[in-house]
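Asker: Provide a 3D model corresponding to the input given below.
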Amino acid sequence: MSVYVGNLSYDVTQDDLTSVFAEYGTVKRVQLPTDRETGRLRGFGFVEMETEAEETAAIEALDGAEWMGRDLKVNKAKPREERKPSGGSWGNNSRNSSRY
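Answerer: Numbers count the residues shown, from 1 in each chain. Take a look at the predicted model:
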């Protein structure tokens, strides 16, 4: 399981998050998603820690805490939902449609 960290500064780095969460245990992995088009951080991230007890301690200590000028939102990450196809025209070549 991992921890969701929201309302992050756009200047945050993986090392910054690792340092903060390391106070509560062993950090296994940090992910900071970026926008596909701009490459800019999206303002949230995920931190995976060694044990659930460490994650719980970090959540209790950091949720609502001010860091880098922002009030953090920290909680258990929810499992990623499978995305359904959008129903757009990807792969649907209308020039070959039987309408013509």
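
Asker: Please give me every residue in contact with the residue nearest the centre of the chain.
Answerer: In the chain, the centroid-proximal residue (C-alpha atoms, centre = their mean) is G45; its distance is 3.1 Å. Contacts of G45 were listed using C-beta atoms under 8 Å, 6 or more residues apart in numbering, and they are Y4, V5, L8, V12, L17, V30, Q31, L32, P33. Bear in mind the C-beta positions are built from the backbone N, C-alpha and C, glycine included.

Asker: Tell me which of those residues fall in helices.
Answerer: Counted as lying in helices by DSSP state H, out of these, are L17.

Asker: could you pull out the strands for the protein?
Answerer: 3-6, 27-31, 44-49, 66-67, 70-71, 73-76 (DSSP state E).

Asker: Is T34 bridged to anything, and to what?
Answerer: T34 has these beta-bridge partners by DSSP bridges: L41.

Asker: where does it sit relative to A22, distance-wise?
Answerer: When distance is defined by C-beta to C-beta, to the nearest Å, T34 is 23 Å away from A22.

Asker: ok, and the closest non-adjacent residue to G64?
Answerer: The shortest distance from G64 to any non-neighbouring residue, by C-beta to C-beta, 6 or more residues apart in numbering, is to D71 (6.0 Å).

Asker: That neighbour and A65 touch, don't they?
Answerer: Yes. D71 lies in contact with A65 (C-beta atoms under 8 Å); the separation is 7.3 Å.

Asker: thinking again about what came up before, of T34 and A22, give the one with the bigger neighbour count.
Answerer: It is A22, of T34 and A22, that has more neighbours when counted by other C-beta atoms under 10 Å, with 14 against 10.

Asker: Bridge partners for the residue nearest to F44 when sequence neighbours are not counted, pull those for me.
Answerer: Using C-beta to C-beta, 6+ apart and skipping the chain neighbours, the partner closest in space to F44 is G6 (4.5 Å). Beta-bridge pairing for G6 (DSSP bridges): F44, K73.
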